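S.K.: Quick one, structure for this:
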Amino acid sequence: MSRLSISGVEKSFGALKVLHGVSMTVEPGEVHGLLGENGAGKSTLLNILCGVLSPDRGTVQIDGRPVTITSPRAASEAGIAMIHQELQQVPELTVAQNIFLGANLRRGPFTARAAQEAEARRLLAPLDPTIDVTAPVKSLRVAARQLVEIAKALRARAKIIAMDEPTSSLTPAEFEKLAQVVQKLTAEGVSVIYVSHKMDEVFRLCHSATILRDGRFIERVKLPETPVAQVIAKMVGRELVHATHVSYAKPKVILQAQGLTGGPVRDVSFTLHQGEVLGIAGLVGSGRTELLRIIAGVDSSTGSLTLNGQAPGQGPRARIAAGLGLLPEERKRDGIIRHRPVTTNVGLASMKAFTTGGLIAKRRLHARTEALMKDVGLRPLDVTKPIGQFSGGNQQKAIIGRWLAADTQVFLFDEPTRGIDVGAKAEIYALIERLAAEGRSVIVVSSEMPEVIRLSDRVMVMREGRISATLSGPDITEANIAHNAIPA
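M.R.: A predicted model of the protein is given here:
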């Protein structure tokens with residue numbers, strides 16, 4: 001008997017139908033992948049399962065019994081828990097308080113605080129006994145906060161735990177810890193629905209997967225028996241071309257850094273050439289992101305930086321005016337204004353060009369934005385739509401368009417494909433290569449070694465705030481990157 005059976009689920013928002021008779025089954029003790037590009041219907045299906053949305057048609061059964069899920073509380077009572085990519089926690093409350101949020105243990109009219117903390121310790125013991133249940137949850141790393149959410153699901157005696165992009169902000173070591181926790185859960189009969197764009201994780205953890213495309217059920221596949229390329233082809237509806245790296249680098253030096261020091265960054269020097277894609281690899285905490293922020297003028301530093309032989313000035317405004325553009329790691333927090341349209345987000349770095357007499361020339365901005373978004377492949381091509389309603393890949397395209405509008409020479413990509421599906425990832429790769437082919441220069445920071453290797457002409461490896469090695473040609477391998485990234 002299946003632990004979960006979803007059959008014929010349909011859902012529309014007005015005239016837009018987003019789920020077309022979707023079905024899915026999950027067995028007891030199984031890790032089941034839910035795969036598809038952004039917009040395939042994964043989030044809508046999970047929101048129905050977790051009681052956030054109601055289906056127009058279709059049925060849900062748990063352990064062979066039909067259930068009607070009308071609210072998140074009803075989902076919890078049915079044994080379903082959801083761990084969202086953006087964790088649903090109250091940062092100022094303690095770990096124990098978050099675990100018992102909405103279900104406090106009581107002694108008379110008062111919360112039984114000591115009992116809650118003792119139970120929280122018991123729930124966390126098999127997950128990570130070092131987590132302090134009296135600490136504010138905001139003081140924990142993302143990996144520990146996810147374990148708190150798992151403990152909350154265990155407190156509610158969840159039979160099914162859905163995890164939405166659980167490793168988007170985790171280090172490889174933290175992923176290994178999460179993998180061990182997932183294996184413990186399934187060994188005890190808990191079923192896990194796992195949503196991730198990282199195919200290596202999916203094939204490592206999942207026993208089987210349901211593939212959605214354009215709101216339709218495509219196929220239920222066994223993993224890891226099914227080849228990765230075949231799974232991806234079913235997700236995107238086409239074979240993806242995995243092109244080899246092509247270099248467009250020219251001898252001309254565009255950017256030169258000498259002795260950059262600030263925060264964790266220590267005495268970093270390098271050159272960047274015209275048309276070059278320079279990768280930066282290293283462990284979390286090695287100073288990769290901080291180095292990009294220094295180059296973009298977000299963080300202060302000592303040392304020198306020249307762009308085309310000239311010092312670009314201090315601060316983000318001066319760096320933008322000089323031709324530097326940052327695509328930040330936290331795209332939703334630092335890269336976009338979610339509730340504003342694409343036009344506003346694209347024009348942020350070049351609004352003076354669209355301003356006359358202190359007023360924005362909206363038609364000119366609209367026309368320029370539409371042309372740029374058509375060029376980079378924004379889908380749907382609706383520049384009046386709030387950018388927060390687009391997928392991660394399309395948000396990234398809009399940010400690229402922002403820097404194209406500002407005539408940027410050096411693009412600083414920090415985790416360019418984090419949270420982006422495999423189809424959009426290939427498009428972002430193609431855009432980065434096109435920038436290089438046009439003579440623009442690119443610096444890419446990525447936690448994914450295959451991505452760094454695929455994109456880069458050279459790779460600088462950072463360790464403890466310093467450049468430990470610069471690799472090029474056949475020396476750019478995972479083994480060499482790892483060897484130089486790990487402290488001795």
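S.K.: Would you map the helices across the stretch 51-200 of the chain?
M.R.: 72-77, 95-99, 113-124, 142-155, 172-187, 199-205 (DSSP state H, counting those that start in this stretch).
S.K.: err, the stretch 301-450 of the chain, not the other one
M.R.: Under DSSP H, counting those that start in this stretch, the stretch 301-450 of the chain gives helices at 315-322, 342-347, 362-376, 392-405, 422-437, 449-455.
S.K.: Of all the ones you listed, which one comes closest to T186?
M.R.: helix 422-437 (25.1 Å; C-beta to C-beta). For glycine as for every other residue, the C-beta is placed from the backbone atoms N, C-alpha and C.
S.K.: Packing partners of the closest one?
M.R.: helix 228-236, strand 277-282, helix 392-405, strand 410-414, strand 441-445, helix 449-455 (3 or more C-beta pairs under 8 Å, 6 or more residues apart in numbering; DSSP states H and E).
S.K.: So for L292, which of those sits nearest?
M.R.: Closest among these, once you apply C-beta to C-beta, is strand 410-414, at 4.8 Å.
S.K.: Check which strands are paired with that closest one and give the direction for each one.
M.R.: Neighbouring strands of strand 410-414 in its sheet, by DSSP bridges, are strand 324-327 (parallel), strand 441-445 (parallel).
S.K.: D407 contacts G325, doesn't it?
M.R.: No - judged on C-beta atoms under 8 Å, D407 makes no contact with G325 at a distance of 9.6 Å.
S.K.: So for these two, which residue has more residues nearby?
M.R.: G325 (23 against 12; other C-beta atoms under 10 Å).
S.K.: I'd say that one and A405 touch.
M.R.: No - using C-beta under 8 Å as the test, G325 is too far from A405 to be in contact (9.9 Å).
S.K.: Which neighbours do the two have in common?
M.R.: A349 (C-beta atoms under 8 Å, 6 or more residues apart in numbering).
S.K.: Below-threshold pLDDT in the stretch 151-300 of the chain: ranges please.
M.R.: 169, 238-243 (pLDDT under 70).
S.K.: rerun at 90
M.R.: Residues of the stretch 151-300 of the chain that meet the criterion pLDDT under 90 lie in 154, 156, 164-178, 196-200, 214, 224, 228-229, 232-245, 283-285.
S.K.: Got the domain ranges for this structure?
M.R.: 4-236, 253-485 (automatic domain parsing).
S.K.: for the first one, the distance to its chain's centre please.
M.R.: So that's domain 4-236. Relative to the centre of its chain, domain 4-236 is centred 16 Å away, using C-alpha atoms, centre = their mean, to the nearest Å.
S.K.: Residue most distant from the centroid, this protein?
M.R.: Outermost residue of the chain with respect to the C-alpha centroid, by C-alpha atoms, centre = their mean, is G108; its distance is 44.1 Å.
S.K.: List the residue ranges of the stretch 301-450 of the chain that fall below the pLDDT cut-off.
M.R.: Using pLDDT under 90, the stretch 301-450 of the chain drops low at 329-333, 356-358, 360, 379-380, 389-393, 417-427, 447-450.
S.K.: Between the strands paired with strand 410-414, which one is closest to T417.
M.R.: Nearest to T417, of these and by C-beta to C-beta, is strand 441-445 at 9.8 Å.
S.K.: Give me the contact list for the closest one.
M.R.: Defining contact as C-beta under 8 Å, 6+ apart, one finds that strand 441-445 is touched by 254-255, 272-280, 288-289, 291-292, 295, 329, 409-416, 432, 435-436, 451-452, 455-456.
S.K.: ok, for the spatially most central residue of the chain, nearest residue in space, not its chain neighbours?
M.R.: Residue closest to the mean C-alpha point of the chain, counted by C-alpha atoms, centre = their mean, is G419 at 2.6 Å. The shortest distance from G419 to any non-neighbouring residue, by C-beta to C-beta, 6 or more residues apart in numbering, is to G392 (4.6 Å).
S.K.: what sits against that neighbour?
M.R.: Counted by C-beta under 8 Å, 6+ apart, G392 has contacts 38, 331, 418-421, 424.
S.K.: what's the answer for V246, then?
M.R.: E433.
S.K.: Same question for E329.
M.R.: Contacts of E329 by C-beta under 8 Å, 6+ apart are 289, 414-415, 418, 445.
S.K.: what two of the residues you listed are the furthest from one another?
M.R.: Greatest spatial distance in the contacts of E329: T289 and R418, 11.6 Å, computed using C-beta to C-beta.
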